[in-house]
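**Student:** Okay, structure incoming, though there's no sequence with it:
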């Protein structure tokens, strides 16, 4: 039986086939993406560089000699490669466990194709078991807690070291439990309209076209 770390290595390597030589690749955030970044180092002379969705990924890319571009410096990206906290059978995802959801969604929107890399435990019939991250402006968090309660969800401010976690964008994160998100596109559209929401961690407008799923029998490719 392969360990979770070995599964992450497998999908990280498998994602290299979607990197277009001579172009700039969109790179996400998280432990699975770290395996992809490490694998990408073997191709660093074949690509122009990367656009990164977090400070942590930028630091890892630069340490491996991969140039990192500001998103505003480049046009459309051919591919964005990132993980997910949950993905359903239509390619809709919950993302943001690593608190980088806003930048992840920006880079995803800039890319023609989203390739999700994950292990099979992330594939679910309905989104919502994983706590939904929502990046929010701090003065709005308690009002948003009440709005999620009206939908049957329990929202809590994510803490770090006894203080609210602060994102790369200077905002806070709400983690919402108790939801079953049966219509991810409609849910994302609704919550996006709530004043104080910076980004909701449902990726339906920017869903994955491909998912490379690490399984006990190897990498399974799902196409949506």
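**Tutor:** Arrived safely. A quick note: this is a predicted structure, and the numbers were derived from the prediction, not measured. Residues are numbered from 1 along each chain as shown.
**Student:** Return the distance of the closest residue to residue 168 other than its chain neighbours relative to residue 69.
**Tutor:** With C-beta to C-beta, 6 or more residues apart in numbering as the criterion, residue 168 has its nearest non-adjacent residue at 5.3 Å, and that residue is residue 55. Where you see a C-beta, it was placed from the backbone N, CA and C, and this is true even at glycine. For residue 55, the distance to residue 69 equals 15 Å [C-beta to C-beta, to the nearest Å].
**Student:** Now do the phi/psi pair for the residue nearest to residue 168.
**Tutor:** Backbone torsions for residue 55, taken as degrees, to the nearest 10, come to phi -60, psi -40.
**Student:** any idea how far the residue most central in space within the chain lies from residue 78?
**Tutor:** By C-alpha atoms, centre = their mean, the mean C-alpha position of the chain lies nearest to residue 95, the distance being 4.5 Å. Applying C-beta to C-beta, the value for residue 95 to residue 78 is 20 Å.
**Student:** in which helix or strand would I find residue 173?
**Tutor:** Assigned by DSSP states H and E, residue 173 belongs to strand 172-177.
**Student:** what residues go with each domain of the protein?
**Tutor:** 4-124+205-223, 132-200 (automatic domain parsing).
**Student:** Straight-line length of the last one, end to end?
**Tutor:** Just to be clear, that refers to domain 132-200. Start-to-end span of domain 132-200 (C-alpha to C-alpha, to the nearest Å) is 8 Å.
**Student:** got any ranges where the chain has weak pLDDT?
**Tutor:** Within the chain, no stretch has pLDDT under 70.
**Student:** can you give me the helices in it?
**Tutor:** 4-14, 31-40, 55-63, 101-109, 141-150, 184-192 (DSSP state H).
**Student:** any chance of the ones you listed in TSV, plus distance to residue 220?
**Tutor:** Formatted as TSV, the helices of the chain follow (distance: least, C-beta to C-beta, whole Å):
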stretch	distance to residue 220
helix 4-14	10
helix 31-40	15
helix 55-63	25
helix 101-109	22
helix 141-150	34
helix 184-192	22
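**Student:** possible to save those as a markdown table with mean neighbour count and distance to residue 88?
**Tutor:** Converted to a markdown table, the helices of the chain look like this (neighbours: other C-beta atoms under 10 Å; distance: least, C-beta to C-beta, whole Å):
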| stretch | mean neighbour count | distance to residue 88 |
| --- | --- | --- |
| helix 4-14 | 19 | 18 |
| helix 31-40 | 21 | 18 |
| helix 55-63 | 17 | 25 |
| helix 101-109 | 24 | 16 |
| helix 141-150 | 15 | 20 |
| helix 184-192 | 17 | 7 |
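**Student:** Of those helices, which is nearest residue 85?
**Tutor:** Nearest to residue 85, of all the helices of the chain, is helix 101-109, at 9.7 Å by C-beta to C-beta.
**Student:** neighbouring contacts of the closest one?
**Tutor:** Outside helix 101-109, the residues within contact range by C-beta atoms under 8 Å, 6 or more residues apart in numbering are 26-29, 51-54, 71, 77, 80, 82, 95-96, 114, 133, 135, 167-169, 171, 198-199, 201, 203, 205-206.
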